[in-house]
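>>> need a structure here:
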Amino acid sequence: MTKKFFTAVYLAVLVATVFTGCDTADTADIDNTDGDGGGGNNENVLTIKNHSSYTITTVQWKDDYENTFQSNIVNSISSGEEVKLTHFTSRRGYLYFSVKGGSVALRTTSFIYFDTEFAILDTTSVENDRGHRGSLSDFAKDIPPPINTKLTIKNESAYEVIGVRWNNTPFAGASNSIFPGTSITKDVKAGSGYIRLRPRTNPYNLRTNVLLVIAEGETKEVIIFDNTPVRKDIDNTVVTLASVASVKFTAEIGDVGLGGGIIFFAAGGEFKEVSDELGVYNWYDANTAAKAHRGGGFDDWELPTSGDLTLMYDNLHKKGLGGFSTVRYWGQKRYVNSAYYLNFSDGKVDNSDLSSLYRTRAVRSFSTN
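Numbering: from 1, shown residues only. Okay, the predicted model is just below:
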């Protein structure tokens, strides 16, 4: 495929973008999770799932509009592994990579969009640096097949478990769970680690109490029973799976949540909790601090939406709960160059320049349904 063709396609896409996108990035409301014209889209995220038979290496991202490469975004992604990429300013581009054991540089033939999941398959259409196209397996056919290392997790308990993973490999069916009497087998990367899981009815973050070691080429099976010893992340105590799963989590406004935060919303088995004070930051550092918070061992903490901020003010602060100061607290982005805050002196929500210094707390949602 010639350079002229690529240039023509690029210009066509650029012109179409200019004439169909009348709102500029500086004025478009990019935040739509609250139902009030705003919400929580604070950065681009891409999840890459390697469902192919190969380990891919030297993974790079090339922005479609700027036509520039990001530095290596990840060194390698093993077969069966998934990675989540953040902190990218572009929203569309191509993924460039090589196959372990091979020397040919490849790229996807179709655009990949952030805020999506992209699965790499043996049949994924790719193109080499000479413009030749084919499936991933076409270019990798002369590479020796990898040594299969497999892990089976079998649920023989009476309880549905969710969020099951070993190291970076998730073990979950279509409903993000392993039901009683079922099992899931995945290709894994040799190593050691604990199996992590949460009971559906009482979703504390748990891990097995015994370190699992898997050698390259080995196949192992782990069976989860009602009396399997597990360790709770929130207080590091060892209990049995049944002792946690048999009691459905319940809480009211002001109670302690599963992540050690304070419950500020509770209705119909759906809950929201807020962390303690994390510090005073500009928005970028506040966003980083919120996402890095690991209360209860959970990694789904984030800055509150504008709706979350209002709930925290009404359900906690006005009732003397939560220990909030009567100052401004950061929320998620509203516009490209500004983000929400709520002034806890009067309960008013507004937006501010990202360089402002405000207090920061993280929130997370969870369900027992």
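
>>> Please give me every residue in contact with residue 221.
Applying CB atoms under 8 Å, 6 or more residues apart in numbering, we find residue 221 in contact with 151-154, 183. Just so you know, the C-beta spots here come from the backbone N, C-alpha and C atoms, and that holds for glycine as well.

>>> So which of those wins on neighbours?
Counting neighbours by other CB atoms under 10 Å, residue 153 comes out on top of the contacts of residue 221 with 26 neighbours.

>>> From residue 353, how far off is that one?
48 Å (CB to CB, to the nearest Å).

>>> any idea which residue sits dead centre in this structure?
residue 84 (5.9 Å; CA atoms, centre = their mean).

>>> Quick check, that residue in contact with residue 47.
Yes - using CB atoms under 8 Å, residue 84 makes contact with residue 47 at a distance of 5.0 Å.

>>> So which of the contacts of residue 221 are in strands?
151-154, 183 (DSSP state E).

>>> Look up phi and psi at residue 311.
Here is the backbone geometry of residue 311 (degrees, to the nearest 10): phi -60, psi -40.

>>> what's near enough to touch it?
Residue 311 neighbours (CB under 8 Å, 6+ apart): 264-265, 272.

>>> mind running it again at 10 Å?
253, 264-265, 272, 274, 304-305, 363 (CB atoms under 10 Å, 6 or more residues apart in numbering).

>>> ok, of those residues, which one's closest to residue 121?
When the contacts of residue 311 are compared for distance to residue 121 (CB to CB), residue 305 wins out at 34.9 Å.

>>> What's the local residue count around that closest one?
26.

>>> Same check on residue 367?
Residues near residue 367, counting by other CB under 10 Å, number 12.

>>> Could you list everything it pairs with in the sheet?
Assessed by DSSP bridges, residue 367 has beta-bridge partners residue 270.

>>> how far away is it from residue 254?
19 Å.

>>> before we move on, what about residue 139?
Distance from residue 139 to residue 254, by CB to CB: 58 Å.

>>> out of those two, which sits in the busier spot?
Neighbours per residue (other CB under 10 Å) separate residue 139 from residue 254, with residue 139 holding more: 21 against 15.

>>> Tell me the spacing between the residue nearest to that one when sequence neighbours are not counted and residue 91.
Closest residue to residue 139 apart from its sequence neighbours, by CB to CB, 6 or more residues apart in numbering: residue 104 at 5.6 Å. Distance, residue 104 to residue 91, using CB to CB: 28 Å.

>>> before we move on, what about residue 360?
Residue 360 is 26 Å from residue 91, by CB to CB.

>>> higher neighbour count, these two?
residue 360 (25 against 16).

>>> Tell me the pLDDT of that one.
With respect to pLDDT, residue 360 has a value of 97.

>>> Who are the contact partners of it?
Residue 360 neighbours (CB under 10 Å, 6+ apart): 275, 277-283, 285-290, 293, 303-304, 329-331.

>>> Would you mind writing the ChimeraX command to select the buried ones in these?
Burial among these is assessed by 16 or more other CB atoms under 10 Å; the matching ChimeraX selection reads:
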select :275,278,281,282,283,285,286,287,289,290,293,303,304,329,330,331
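
>>> From the contacts of residue 360, which land in strands?
Short answer: the contacts of residue 360 in strands (DSSP E) are 279-281, 329-331.

>>> quick one on the thing from earlier: export the ones in strands among the contacts of residue 221 as a markdown table, with columns for pLDDT.
Listed next are the ones in strands among the contacts of residue 221 as a markdown table, based on pLDDT from 0 to 100:
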| residue | pLDDT |
| --- | --- |
| 151 | 94 |
| 152 | 95 |
| 153 | 95 |
| 154 | 95 |
| 183 | 93 |
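
>>> nearest to residue 298, of those?
residue 153 (20.3 Å).

>>> and that closest one, bridged to which residues?
With DSSP bridges as the rule, residue 153 is bridged to residue 184, residue 222.

>>> can you pull the contacts of it?
Taking CB under 10 Å, 6+ apart as the test, what residue 153 contacts is 161, 164-166, 169, 171-172, 178, 182-186, 195, 197, 208, 212, 220-224.

>>> ok, back up a step: between residue 84 and residue 47, which contacts overlap?
In contact with both residue 84 and residue 47: residue 117, using CB under 10 Å, 6+ apart.
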